[in-house]
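In: structure for this input, please:
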Amino acid sequence: MKRCHAALFSLSVLLFSYGARGQGRSGEGAAYVKDHYTKQEVYITMRDGVRLFTAIYTPKDASADKKYPIMMQRTCYSVSPYGEDRYPSRLGPSDSMMRDGYIFVYQDVRGRWKSEGIWTNMTPVIDDKKSRKDVDEGSDTYDAIDWLVKHTAYNNGRVGQWGISYPGFYTAAGILSNHPALKASSPQAPISDFFFDDFHHNGAFLESYIFTFPVFGVQKTDTTSKAWYEGQFIKPTTRDGYQFLLDVGPLVNFDRWYKDNFFWQETVKHPNYDEFWQKRSLPGHYKKIMPAVMLVGGWFDAEDLTGPLAIHKAIERSDPEAYNTLVMGPFGHGRWSRETGHTLHSNVYFGDSIATFYQNNIEARFFRHFLKESGDRNSGLPNAYMYNTGKKEWQTFDKWPSPAAVHQKLYLNDDGRLAFNPPSREAADSFVSDPMKPVPYTEDNTTTEGFTPHNYMSEDQRFAGRRPDVLVYQTDVLQEDVTLGGEIMSHLDVSTTGTDADWFVKLIDVYPADEPNSPYQPNKNILMANYWQMVRSEIMPGRFRNSYEKPEPFVPGRKTEVKFRLQDVLHTFKKGHRIMIQVQSTAFPLFARNPQKFLPNPYKASQADYIKATHTVYNDSYIDVEVLK
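Out: As a prediction, the model looks like this:
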């Protein structure tokens, strides 16, 4: 039973994460690929001599008179199925692009699977390469493209790159290759910085990721088509991840499993935003951008919501003349890559065939224009193609965030009211935070041991708001629609009886009492009447309020400002709904518990270091939102 749990988890990493490409099983999909594509497996030598395993699928009707562009994905998650006589169930980002015809190329990045070399998480960028030994993902992308356009028969000299999540990072880093043949790049749910994406949010560690460390922290000893990390997984004794992880205790206890896991040890050794993390950040490296870029993300992406927004904005700042499109849909992590028919996230229904619309009208259009057609700037796509998760419809923008948005402040009044007007008197709300009884981030305990806690991003928050350690503020019933479109900044004035604290803020859409359930709702026991839908949330470790590099304690009892960004939003709170803000200090086991006692390294806290504390939020605190009229 335990062995089965580990194997299924490992398989979910490969299948679910990043691509919906299939793993070579027989069937109609694989038969189509075999009938229409010729497969070739090669090793491509990088400038430092390391060879990267590469699978090439060329349309069978390719010829000197019918050349195709190359579509490349570089991945750390395996380019299986291995063997020139074995075919996946799908090629490319979508069925429509597979049927349109491209030369599809998949490459194992260095140190992974059948490629040579040493594996590095979020390979640091080397802007000034002085020798052939100075390699990064940009140089590996350049060398791969250079070989492909010179040695792959019947290519038209144009290359596109795409990938979701970690392959999205490789795509985003590939932009830095500056190879002249790279004409179109679509980083999708890319990791941009491990201190703010995936494993951390603003430096707060996601304990929900603790089960994934074997995938990222074990070096293989040779080229392989087998998962070399298979025996390294933690085997929980219960499906209730909240209880299991609470029983494990402080983070230092994970050395029981991960003493030799290099990525875990790196994480523990670097609790602050030091050079280790800084040199793994992408956004600061974008200068002049050569390929057309389309960043893609999901508004409910629990893994990499930060990445597409951060990279899009970085490119807008560094090269305003670049072709730089942003797409954000009503999806969880990577869910735009496969059609589910009825599009839901958690219990919220958004419409039908939204992934197909994206694939055919946005993604395929982007690559077709830049790889098969004129390739000029007139693609017909806007600067930002954004889905309004309240109106449940696509909207387009010439720039994101929209210059037309108006900044307004939502004040946290001590009587539980959320209002656009400042309070008339000074007051405050307090609650006791006990790290031994942390607020759960979800009601669904069966989702607390997977690769990612997907559903919480739009889940009903009534369970949390009815606890005494969660502060709740809401507007009166809205008399007209209110659309928040753009950035959100939380400005909290707080104090604590301890010397450290996390602050978790949630933006929530409160549905009216007569809201009907959707006929497609997966959980029939959830009532959409009075549903408190999470729209956006973020955590901020108070220790980093002034600097991510140099944390500092709170002075007990002293009023202190804690300011941090929640990720962007496009959501219409409809007439008859309410806007709600919840403030709490724990969201377990999504985020590791803060001991509430300042320590130089919280990863090394002992059980005795975890203390109760009383936290206070003053009513001059506010949430700065951008309102679209």
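In: going by C-alpha atoms from here, please, whenever you check contacts or count neighbours.
Out: Will do.
In: residues touching the closest residue to residue 234 other than its chain neighbours, list them.
Out: For residue 234, the nearest residue in space outside its immediate sequence neighbours is residue 211; the separation is 6.3 Å by C-alpha to C-alpha, 6 or more residues apart in numbering. Taking C-alpha atoms under 8 Å, 6 or more residues apart in numbering, we find residue 211 in contact with 233, 234, 449, 450, 451.
In: per-residue confidence for residue 211?
Out: The confidence metric pLDDT takes the value 96 at residue 211.
In: who's in contact with the residue most central in space within the chain?
Out: For the chain, residue 304 is the residue whose C-alpha lies nearest the centre (C-alpha atoms, centre = their mean; 0.9 Å). Residues counted as contacts of residue 304 (C-alpha under 8 Å, 6+ apart) are 165, 189, 190, 191, 197, 198, 297, 333.
In: these two touch, right, the first one and residue 192?
Out: Yep, that's residue 165 we're talking about. No. In this structure, residue 165 sits apart from residue 192 without contact. The criterion is C-alpha atoms under 8 Å, and the distance is 9.6 Å.
In: comparing these two, which residue is more hemmed in?
Out: More neighbours sit around residue 192 than around the other of residue 165 and residue 192, counting by other C-alpha atoms under 10 Å; the figures are 29 against 26.
In: does the nearest residue to the more buried one once chain neighbours are set aside sit in a helix, a strand or a coil?
Out: Leaving aside its chain neighbours, residue 192 sits nearest to residue 307 (4.7 Å; criterion: C-alpha to C-alpha, 6+ apart). Using DSSP: H, G, I helix; E, B strand; the rest coil as the criterion, the local structure at residue 307 reads helix.
In: isn't residue 307 up against residue 197?
Out: Yes. Under the contact definition of C-alpha under 8 Å, residue 307 touches residue 197, with a separation of 6.8 Å.
In: which residues are common contacts for those two?
Out: With contacts taken as C-alpha under 8 Å, 6+ apart, residue 307 and residue 197 have residue 191 as neighbours in common.
In: more crowded one of those two?
Out: Per other C-alpha under 10 Å, whichever of residue 307 and residue 197 has more neighbours is residue 307, with 30 against 21.
In: who's in contact with residue 78?
Out: When contacts are counted by C-alpha under 8 Å, 6+ apart, residue 78 is found next to 14, 107, 108, 112, 113, 225.
In: of all pairs in these, which one is the farthest apart?
Out: Spatially, the most separated pair among the contacts of residue 78 is 14 and 107, at 14.5 Å (C-alpha to C-alpha).
In: give me the more crowded residue out of the two.
Out: Between residue 14 and residue 107, counting by other C-alpha under 10 Å, residue 107 is the more crowded of the two (29 against 21).
In: quick one: the more buried one from residue 315, how far?
Out: Per C-alpha to C-alpha, to the nearest Å, residue 107 is found 26 Å from residue 315.
In: for residue 125, which non-adjacent residue is closest in space?
Out: residue 136 (5.8 Å).
In: phi and psi next, for that neighbour.
Out: Residue 136 has phi and psi values of phi -150, psi -170 when expressed as degrees, to the nearest 10.
In: neighbours of it, how many?
Out: Taking other C-alpha under 10 Å as the neighbour definition, residue 136 ends up with a count of 22.
In: what of the one 4 residues further on?
Out: Using other C-alpha under 10 Å as the criterion, residue 140 is surrounded by 25 other residues.
In: before we move on, what about residue 282?
Out: Residue neighbour count, defined by other C-alpha under 10 Å, stands at 24 for residue 282.
In: mind listing what the host helix or strand of residue 623 pairs with, with the direction of each?
Out: Taking DSSP states H and E as the criterion, the element that holds residue 623 is strand 622-628. With DSSP bridges as the test, strand 622-628 is paired with strand 406-412 (antiparallel), strand 482-496 (antiparallel).
In: please enumerate the strands of the stretch 451-600 of the chain.
Out: Counting by DSSP state E, counting those that start in this stretch, the stretch 451-600 of the chain forms strands over residues 471-474, 482-496, 502-510, 532-541, 560-573, 578-584, given from the N-terminal end onward.
In: so which of those gets nearest residue 245?
Out: Going through those one by one, with C-alpha to C-alpha as the measure, strand 502-510 comes closest at 18.6 Å.
In: what is that closest one packed up against?
Out: strand 532-541, strand 578-584 (3 or more C-alpha pairs under 8 Å, 6 or more residues apart in numbering; DSSP states H and E).
In: could you name the helices and strands sitting against the longest one?
Out: Just to be clear, that refers to strand 532-541. Counting by 3+ C-alpha pairs under 8 Å, 6+ apart, the elements that strand 532-541 packs against turn out to be strand 200-201, strand 204-205, strand 502-510, strand 560-573.
In: need the ones you listed in a markdown table (columns: mean neighbour count, mean pLDDT and distance to residue 277).
Out: Output for the helices and strands packed on strand 532-541, formatted as a markdown table (neighbours: other C-alpha atoms under 10 Å; pLDDT from 0 to 100; distance: least, C-alpha to C-alpha, whole Å):
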| stretch | mean neighbour count | mean pLDDT | distance to residue 277 |
| --- | --- | --- | --- |
| strand 200-201 | 20 | 98 | 11 |
| strand 204-205 | 24 | 98 | 13 |
| strand 502-510 | 24 | 98 | 21 |
| strand 560-573 | 21 | 98 | 19 |
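In: could the ones you listed be laid out in JSON lines, adding distance to residue 397?
Out: Conversion of the helices and strands packed on strand 532-541 to JSON lines gives the following (distance: least, C-alpha to C-alpha, whole Å):
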{"stretch": "strand 200-201", "distance to residue 397": "28"}
{"stretch": "strand 204-205", "distance to residue 397": "33"}
{"stretch": "strand 502-510", "distance to residue 397": "23"}
{"stretch": "strand 560-573", "distance to residue 397": "11"}
